[in-house]
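Visitor: here is a sequence together with a model predicted from it:
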Amino acid sequence: ARQHGCHVRYFTNWWQKWVDGKNPDNPKNALVSRLLRQEFIDPYKIPRDELEDFRRQYLFRYEYPEWEAGDNKSTADMDSEEYKQDAWERLRRKKGH
């Protein structure tokens, strides 16, 4: 039997949705949050300005890869996990981790 006046509301605030790339829908922000969690970093605890800067730096490395002359790579593979991980590794090297 269902009790009247008693229901459960699973609450997530705007900050969590924004950090997770759900509101507004932003797959690349969601990717950055996932990559931070893989490094055991809780993206909810990062100040907004630092998280925005981190996302900006990741997207710069994602959009403008550092290929050497003669590398046989193309931007057609931008959705591959290898491409995303390469951008992440370049950011880690820049940050000194």
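Guide: Received, thanks.
Visitor: quick one: contacts for the residue most central in space within the chain?
Guide: A centroid search over the chain (CA atoms, centre = their mean) returns Val32, at 1.2 Å, as the residue closest to the centre. By CB atoms under 8 Å, 6 or more residues apart in numbering, the contact set of Val32 is 21, 43, 54-55, 58. To be clear about C-beta, it is placed using only N, CA and C from the backbone, and glycine gets the same treatment.
Visitor: which of those sit farthest apart?
Guide: Greatest spatial distance in the contacts of Val32: Gly21 and Phe54, 13.2 Å, computed using CB to CB.
Visitor: the residue nearest to the centre of the chain sits in which helix or strand?
Guide: helix 27-38 (DSSP states H and E).
Visitor: okay, buried residues for that helix please.
Guide: 29, 31-33, 35-36 (16 or more other CB atoms under 10 Å).
Visitor: ok, now stretch 45-63?
Guide: Going by 16+ other CB under 10 Å, stretch 45-63 has these buried residues: 46, 51, 54-55, 57-59, 61-62.
Visitor: can you give me the helices in this protein?
Guide: In the chain, the segments counted as helices under DSSP state H are 14-19, 27-38, 48-63, 81-95.
Visitor: could you export the ones you listed to a markdown table, including columns for mean pLDDT?
Guide: A markdown table is the format used below for those (pLDDT from 0 to 100):
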| stretch | mean pLDDT |
| --- | --- |
| helix 14-19 | 88 |
| helix 27-38 | 90 |
| helix 48-63 | 88 |
| helix 81-95 | 82 |
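Visitor: and Leu91, what does it touch?
Guide: Contacts of Leu91 (CB under 8 Å, 6+ apart): 54, 57-58, 61.
Visitor: number of nearby residues for Tyr64?
Guide: 10 (other CB atoms under 10 Å).
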